[in-house]
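1. Below are the sequence and a predicted model for it; my questions follow.
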Amino acid sequence: MQYEAVIGLEVHVELATNSKLFCGCANRFGAPPNSLVCPICLGLPGSLPVVNQKAVELHLLAAKALECSVPSLSKFDRKNYFYPDMPKDFQTSQYDQPLAAHGRLVISDLDQEEKVINITRIHLEEDTGKSIHFKRNANGDLVPDRLASSELSLVDYNRAGVPLMEIVSEPEIRTADEASAYLQKMREILVWLGISDCRMEEGSMRCDANISVRPVGQEAFGTRTEIKNMNSFKSVRDAVDFEIQRQIKVVSEGGKVVQETRGWDEARKITISMRSKEEAHDYRYFPEPDLPPLEISAEWLGQIEKGLTELPRQRAQRYVQGGLSAYDAGLMVQSRALSDFFEQCLNLGAEAKEVSNWLANEVARLSQERGIPLAESRLTPQGLVQVIAQLAGSKVNRQGARQVLEKLYEEGGEAAEWVEKLGLAQIGGGDELKGMVQGVVDANPGPVSEYKAGKEKALNQLVGQVMKQSKGRANAAEVMRILKEVLDA
């Protein structure tokens, strides 16, 4: 029997605010444990929350980017549970009146058939603290243990109260690759708009996957499990794929899948049972009495929509219409900084394909080798366009252009000035180049004889000798032309 997977993702995204959702404590990663806390986020008696307006606005911006409908009225609810990572013993979240619902996300690339995953809802809530578990190794030392088979547990409440946006998809994802693509496209939009940095390694973007399997053609869903502890796109793909295969094996052998929460063990590449899966009624939701309902006026929403710039997919489509391949267009929208740089180069009159080639190859290489992102380098759009112009005008050859680019990346300045300082002005013709070619021909009778005997490859050796003598400044195409002229005479 053939089976298919039914997958829904819950993506948790920490919003890029300066302070937490209901108090003035800093929203910052990496501070000493329990140093960013106050009576409100610790839930001390008598403390009262106040909603962070910036968090609401970032949430609404994400909602519009994901084509969600936004109600005129929303409210917060108390989600009751008794885990040590939430000091109040409840989480302020949203239940039946979230800030956004009924959105969509295209997860396919431009050169693929369009694949849309619908979004059920997006609600705003406070993040929980972080539990850190330890167990003893073979030497008897306490070492961190992610999956909590622990002998000691500590809690850091710095993250408790950080504004968290939960994006819940419809169960329309069918493969591990689609799950990974959904996450990557989601991250692309949220980072592009400055809604979150979405650093999975720091926990500012996290994902839970609800997975079930069913025979192909069956309408009813199978029993689902929820997978946690996935902190990279690769771990999401691996965990989802493993769980699909695990469930298929259980069902095909006559067993029953148990509804539960499972954790992803990165070291062993398996999912492990953690606890039984809760249902909504287990949390005993009720309206948050300390917070009034949120009224979203048309005027306020209109102001937020003004921050909704051209999104990555829309910009990539425009690049394709302008002549770039879907692949190159995708590269040019990998980040907002790169794409804005590319846009500025185009506005200066540079040819799109030439600019994309330089950015995707030479500039990317420099960024990696120097450990300096493009946005932090000294290279400007004007500088790159100047390099391209110097090359196109035969003022410098490609090797020299790369050297000029390196100087501009590290030190800035003008391309023409670096050509002069580095002595890279190209020898494009005239008596000087002809003299070099003749000297190389006279000094290399072997390759000359081979060429005249019909071995075309011998010509490359002679070109190399001229380039070496000119210290890379000769125009290779012109060298080739003059060599053939001399040898064929």
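-> Yep, that arrived. Numbering: from 1, shown residues only.
2. any weak-confidence spans in the stretch 251-400 of the chain?
-> Applying pLDDT under 70 to the stretch 251-400 of the chain flags residues 278, 280.
3. again, only using 90
-> The stretch 251-400 of the chain contains residues with pLDDT under 90 at 266-267, 274-283, 307, 393-399.
4. can you give me the helices in it?
-> Assigned helices in the stretch 251-400 of the chain, in chain order: 298-305, 312-321, 326-331, 336-347, 352-358, 364-370, 381-392, 398-411 (criterion: DSSP state H, counting those that start in this stretch).
5. Report the angle between the fourth one and helix 381-392.
-> Okay, so that is helix 336-347. Our comparison of helix 336-347 with helix 381-392, counting by axes from the mean of the first three to the mean of the last three CA atoms, to 10 degrees, yields an angle of 50 degrees.
6. Pull out the buried positions in helix 336-347.
-> 336, 338, 339, 341, 342, 343, 344, 345, 346 (16 or more other CB atoms under 10 Å). Using the backbone N, CA and C atoms, a C-beta is placed for each residue, glycine as well.
7. Please produce TSV containing those residues, extended by distance to residue 326.
-> Shown next, in TSV, are the buried residues of helix 336-347 (distance: CB to CB, whole Å):
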residue	distance to residue 326
336	19
338	17
339	15
341	20
342	15
343	18
344	22
345	20
346	18
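8. related to what we said a few turns ago, out of the helices of the stretch 251-400 of the chain, deepest packed?
-> helix 381-392 (a mean of 21; mean count of other CB atoms under 10 Å).
9. Run through who's touching that one.
-> 341, 344-345, 347-351, 354-355, 358-359, 363, 396-398, 401, 404-405, 408, 412-416, 419 (CB atoms under 8 Å, 6 or more residues apart in numbering).
10. Using the three-state scheme, assign residue 9.
-> Secondary structure, DSSP: H, G, I helix; E, B strand; the rest coil: residue 9 is strand.
11. what's the answer for residue 124, then?
-> strand.
12. Contacts only, for it.
-> So residue 124 contacts 21, 55-56, 59, 76, 93-94, 98-99, 163-166 (CB under 8 Å, 6+ apart).
13. For it, which non-adjacent residue is closest in space?
-> residue 59 (5.0 Å; CB to CB, 6 or more residues apart in numbering).
14. still on that earlier bit, let me know the closest of the contacts of residue 124 to residue 446.
-> residue 165 (71.3 Å; CB to CB).
15. how about the closest one, secondary structure?
-> Per three-state DSSP, residue 165 ends up strand.
16. Report the beta-bridge partners for it.
-> residue 13, residue 124 (DSSP bridges).
17. The closest residue to residue 307 other than its chain neighbours: which element?
-> Take residue 307 and drop its neighbours on the chain: the residue closest to it by CB to CB, 6+ apart is residue 61, 5.7 Å away. Assigned by DSSP states H and E, residue 61 belongs to helix 53-65.
18. what does that helix rub up against?
-> With CB under 8 Å, 6+ apart, helix 53-65 has contacts from 13, 15-18, 21, 70, 99-100, 103, 122, 124, 163, 165, 167, 189-190, 193, 195-196, 294, 296, 301, 304-305, 307-308, 311.
19. quick one: it to chain centroid distance?
-> Mean-position distance between helix 53-65 and its chain equals 19 Å (CA atoms, centre = their mean, to the nearest Å).
20. State the mean pLDDT of that helix.
-> The average pLDDT within helix 53-65 is 98.
21. tell me the strands in the stretch 201-350 of the chain, going along the chain?
-> Using DSSP state E, counting those that start in this stretch, the strands of the stretch 201-350 of the chain run over residues 205-215, 225-230, 260-265, 270-276, 286-287, 294-295.
22. Reformat these as CSV; add distance to residue 325 and mean neighbour count.
-> Converted to CSV, those look like this (distance: least, CB to CB, whole Å; neighbours: other CB atoms under 10 Å):
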stretch, distance to residue 325, mean neighbour count
strand 205-215, 29, 22
strand 225-230, 32, 21
strand 260-265, 36, 19
strand 270-276, 39, 15
strand 286-287, 53, 12
strand 294-295, 45, 14
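23. Arrange those strands in TSV, one row each, with distance to residue 6 as further columns.
-> Formatted as TSV, the strands of the stretch 201-350 of the chain follow (distance: least, CB to CB, whole Å):
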stretch	distance to residue 6
strand 205-215	5
strand 225-230	11
strand 260-265	16
strand 270-276	16
strand 286-287	31
strand 294-295	33
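24. wait, which of these is closest to residue 252?
-> That would be strand 205-215 among the strands of the stretch 201-350 of the chain, by CB to CB, at 9.3 Å.
25. Please compute how far the closest one lies from its chain's middle.
-> That offset, for strand 205-215, works out to 21 Å (CA atoms, centre = their mean).
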